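J.: Any chance you can model this:
(4 chains)
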There are 2 protein chains.
Amino acid sequence: MANDLRSLADVDRLLHEPSRAVIVAILSAVESADFIFLQRETGLTRGNLSAHLSKLEEAKYIAIEKTYRGKIPMTLCRLTEDGRQAFDNYRRKLLNFVEQTKQ
Amino acid sequence: MANDLRSLADVDRLLHEPSRAVIVAILSAVESADFIFLQRETGLTRGNLSAHLSKLEEAKYIAIEKTYRGKIPMTLCRLTEDGRQAFDNYRRKLLNFVEQTKQ
DNA sequence: ATAAACAAGTTTGCAATATAAACCAGTATG
DNA sequence: CATACTGGTTTATATTGCAAACTTGTTTAT
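T.: Alright, predicted model coming up:
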């Protein structure tokens, strides 16, 4: 019984950080999103968004493509298949915990 | 729309640590639990359990009563009303996030 | 032409913290 | 009496999330 509760213990720490969960949630709903869009949607500072994106990229949860919009640099992000699966598992784990702790 | 997702951003950090969420989940299901019981159920080391309990107590999410079982020290923990409310809110927030990110 | 402002990020510095290891007080055992 | 065991607490360390500073290039003002 408490073993079910404990399943939260090995939750994906990368996604368990709210800022990153939100980033991934956004990316899960769109084909791709650029840095500026993500900054507006998440409300993160550029510095922190950059750091979180780097971690997600390192884990291969997202792919980052650096290109240009005219002469201005543009950073384009999209969720990888790995990322999508990790996010699915993460959501499932949260849901499980919530349901195990009902009333 | 992304504002709903962003609601996760201000999640209760004290409860968002899985070890503590599990502790509180256990306490939410029983009248009270002693240190040894919690250690067994959570699988935490004594040091870490002690540290997490201190934080929860500091936040007044749990009350700790130090007593004896015969001659042996016993630390008894129970969820406070504040703790129960915080945990309810936390669960609600998780559920909300999961539902906002459906497919 | 050159300085000042702006855009889009990245890097750095620091404070908080989760975990493991060491420590401690008291009790039972050989 | 010494050694081991119980039930914890404290300390040390390595990782972080975040804010502030920095960078590279472009546009605007003078």
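
J.: Any residues of chain A in contact with chain B? List them.
T.: For chain A, the residues in contact with chain B (Cβ under 8 Å from any Cβ of the partner chain) are A:2, A:5-6, A:8-9, A:11, A:16, A:18-19, A:21-22, A:25-26, A:28-29, A:41-43, A:87, A:91, A:94-95, A:97-98, A:100-101. Glycine gets a C-beta too; all of them are placed from N, C-alpha and C.

J.: Count the neighbours of whichever residue of chain A sits closest to DNA strand D for me.
T.: Closest to DNA strand D within chain A is A:Gly47: 2.3 Å, counting by Cβ to the nearest atom of the strand. A:Gly47 is flanked by 8 other residues according to other Cβ atoms under 10 Å in any protein chain shown.

J.: Show me what counts as buried in the helix or strand hosting it.
T.: Assessed by DSSP states H and E, A:Gly47 sits inside helix A:46-58. Neighbour-count burial for helix A:46-58, counted by 16 or more other Cβ atoms under 10 Å in any protein chain shown, picks out A:49, A:52-53, A:56.

J.: which residues sit against the very next helix or strand once past it?
T.: Counting by DSSP H and E, the next helix or strand C-terminal to helix A:46-58 is strand A:62-69. With contacts defined as Cβ atoms under 8 Å, 6 or more residues apart in numbering or on different chains, strand A:62-69 is touched by A:23-24, A:27, A:32, A:34, A:53, A:56-57, A:73-80, A:83.

J.: Could you pick out the buried ones from the residues you listed?
T.: By 16+ other Cβ under 10 Å, the contacts of strand A:62-69 give A:23-24, A:27, A:53, A:56, A:75-77, A:79-80, A:83 as buried.

J.: which strands and helices sit next to the helix holding A:Gly47?
T.: With contacts taken as 3 or more Cβ pairs under 8 Å, 6 or more residues apart in numbering or on different chains; DSSP states H and E, helix A:46-58 sits against helix A:18-27, helix A:35-42, strand A:62-69.
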